[in-house]
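Student: Structure of the sequence below:
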Amino acid sequence: MNFRIMTYRAALLQSVWLAVIIITVSGCILEGTHYETEPAVQPPESFLLSWQSDPTTTMTIDWYPIPGTEASLAYRTRGEEQWQSVSGLTVPVPGIDRSFQRTELGDLQPDQRYEFRFDGSDSIYQFRTMPDRLTRPIRFVAAGDMLHRVGWMRNTAQSVMRIDSEGELDFAVIGGDLAYADGEARKVGRWFDYFRIWTEEMITSDNRVIPHVAAIGNHEIKRGYIYNYLPHEHQHPDFVRNEAPYFSTFIPFPGSDAYDVLDFGDYLSLFLLDSGHASFIKGDQTDWLRRAMYERGHVRHLIPVYHVPAWPSARDFDDFLGSEVRNYWVPLFEKYGVRVAFENHDHAYKRTHPIREGEIDESGIHYIGDGAWGVSTRQIHTDEDDNRPWYLAEADTLRHFIMGEIDGDIIRLNMYDEDARPIDEVIITAGFSSP
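Tutor: Residues are numbered from 1 along each chain as shown. So this is what the prediction gives:
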């Protein structure tokens, strides 16, 4: 009897020790094993279409997944059955634990509609490449200074699309100060607000997405202006990426600097300039601008887009940066046949008289805009006698946008306030000047 009890107890103890050994060994094995769950397939929270190269044969698509999810992209020519899948390049967002996807679709046909979709969604979107020749009117919206308040930006975007009720808009060009994030990681959420509004509002009734082209402004760079940096800082080879991290990451751009030109066939060149934010106005940029405009003497419309105005509506005329633009860029604009330039930064609406060599001249350039899509507005500048500057043909304290149409040699511009009420209009004829 006692022997049986002792044998039973020994067997029980042996079983317990065996179980402990098994659990311990299993734990050691599992400790070195990492099981990664696959991200859920879900459509992105927003996306942006733009161009890094030829707008007639390419389209860049960025999409911003919800953290912890993923989505691939598929596209096809409208009317075809077969979809082509693309995965996109994963782009880390500086300063935060998040990334997005980017792909540049190439070998597309000019003036052709394409459809695209994301995994996990039944929605089918469209985009349209630009024509390689001016065989139809080109329609665009121009603006700047976009996002002080979400409601203001959204309201103006909705007004743009009400005016474009026929769905004819080809692209938008923005002259800086987009998300007002100042290059800071703590404000990066403003960029995702910006992209969400663009995704939701800048789309036609048949789901065609409006491409977005942008120049840099002072609220894209940490200290606002390159003049606030010491030489050893702004001469660093990664200066733009380090000091304007979100503009250089989020905004597809034609070149590696903060200025470049986007060519639309032989009918339009958009000069996306840097008015002293990540690049000096004088020097390399002006030298490049001279060469680039000379090389495009055959292009029908040369249109500069930049942030700080040469002819301000709200700020002092003798502002340093505005003077730099007048001294170094305006003579090139006049020499190479520019007829309209889009300026921003002043948070008001303005249209100048046509100006040439510092005087009103019908053969001169119209400077239009001053940037107030979704920001607080400023009063128009006056002198001690309450006189406005001589060069202003129209000016008002308004949030606004500019609807443009290029038709042959003619540029028609219709300006609207934030609620889509007409405020101004002008018709401009292209002109050529010998180099």
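
Student: contacts and neighbour counts: CA atoms only from here.
Tutor: OK.

Student: my read: residue 348 touches residue 371, true?
Tutor: Yes. If you go by C-alpha atoms under 8 Å, residue 348 and residue 371 touch, sitting 6.3 Å apart.

Student: Give me the common contacts of those two.
Tutor: Residues touching both residue 348 and residue 371 (C-alpha atoms under 8 Å, 6 or more residues apart in numbering): residue 399.

Student: Compare the two (neighbour count), which wins?
Tutor: Neighbour count, other C-alpha atoms under 10 Å: between residue 348 and residue 371, residue 371 has more, with 33 against 27.

Student: For this structure, give me the ranges with low pLDDT.
Tutor: Where the chain drops to pLDDT under 70, the residues are 1-38, 431-435.

Student: The same query, at a cut-off of 50, please.
Tutor: Low-confidence segments of the chain (pLDDT under 50): 1-13, 16-35, 432-435.

Student: On the three-state scheme, residue 321 is what?
Tutor: What DSSP: H, G, I helix; E, B strand; the rest coil gives for residue 321 is helix.

Student: Is it in contact with residue 308, as I believe?
Tutor: Yes. Residue 321 is within contact range of residue 308, at 6.8 Å (criterion: C-alpha under 8 Å).

Student: so residue 334 is in which element?
Tutor: helix 330-335 (DSSP states H and E).

Student: on contacts alone, who are the packing partners of the next helix or strand along the chain from that helix?
Tutor: Next helix or strand after helix 330-335 toward the C-terminus (DSSP H and E): strand 340-343. If contacts are counted by 3 or more C-alpha pairs under 8 Å, 6 or more residues apart in numbering; DSSP states H and E, strand 340-343 sits against strand 301-305, strand 366-369.

Student: What helices and strands are in contact with the longest one?
Tutor: What that stands for is strand 301-305. By 3+ C-alpha pairs under 8 Å, 6+ apart, strand 301-305 packs against strand 171-175, strand 268-272, strand 340-343.

Student: Take those and write them to CSV, including distance to residue 84 and mean neighbour count.
Tutor: Shown next, in CSV, are these (distance: least, C-alpha to C-alpha, whole Å; neighbours: other C-alpha atoms under 10 Å):
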stretch, distance to residue 84, mean neighbour count
strand 171-175, 24, 23
strand 268-272, 31, 21
strand 340-343, 38, 25
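
Student: could I get the ones you listed as TSV with distance to residue 73?
Tutor: Listed next are the helices and strands packed on strand 301-305 as TSV, based on distance: least, C-alpha to C-alpha, whole Å:
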stretch	distance to residue 73
strand 171-175	21
strand 268-272	29
strand 340-343	34
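
Student: of these, which approaches residue 218 most closely?
Tutor: Of all these, it is strand 171-175 that lies closest to residue 218, at 10.6 Å by C-alpha to C-alpha.

Student: Contacts for the closest one, please.
Tutor: Residues outside strand 171-175 that contact it (C-alpha under 8 Å, 6+ apart) are 139-145, 210-217, 272, 305-307, 342-344, 371.

Student: Same question for stretch 397-414.
Tutor: For stretch 397-414, the surrounding residues in contact (C-alpha under 8 Å, 6+ apart) are 134, 136-143, 156, 160, 300-301, 347-349, 369, 371-380, 415-418, 422-430.

Student: Distance across that stretch, terminal residue to terminal residue?
Tutor: End-to-end distance of stretch 397-414 (C-alpha to C-alpha, to the nearest Å): 17 Å.

Student: what does stretch 301-311 give?
Tutor: 21 Å.

Student: and what of stretch 297-310?
Tutor: Across stretch 297-310, the terminal residues are separated by 23 Å (C-alpha to C-alpha).

Student: for stretch 320-339, same thing?
Tutor: End-to-end distance of stretch 320-339: 24 Å, with C-alpha to C-alpha as the criterion.

Student: In that stretch, which residues are buried?
Tutor: Neighbour-count burial for stretch 320-339, counted by 16 or more other C-alpha atoms under 10 Å, picks out 321-326, 328-330, 332-339.

Student: Likewise for stretch 163-182?
Tutor: By neighbour count with 16+ other C-alpha under 10 Å, stretch 163-182 contains the buried residues 164, 167-182.

Student: Now do the SS call for the spatially most central residue of the chain.
Tutor: Using C-alpha atoms, centre = their mean, the residue of the chain that lies closest to the mean C-alpha position is residue 214, 4.2 Å off. Here residue 214 is strand, with the state taken from three-state DSSP.

Student: what pairs with it across the strands?
Tutor: The partner list for residue 214 in beta bridges (DSSP bridges) reads residue 174.

Student: roughly how far apart are it and residue 271?
Tutor: Here the criterion is C-alpha to C-alpha. By it, residue 214 lies 10 Å from residue 271.

Student: What of residue 244?
Tutor: Separation of residue 244 from residue 271 (C-alpha to C-alpha): 19 Å.

Student: Which residue ranges of the stretch 251-400 of the chain form strands?
Tutor: Under the criterion DSSP state E, counting those that start in this stretch, the stretch 251-400 of the chain carries strands at the ranges 260-264, 268-272, 301-305, 340-343, 349-352, 355-356, 359-360, 366-369, 392-396, 400-407.

Student: Which of those strands sits closest to residue 46?
Tutor: Proximity to residue 46 (C-alpha to C-alpha) singles out strand 400-407 among those, at 22.9 Å.
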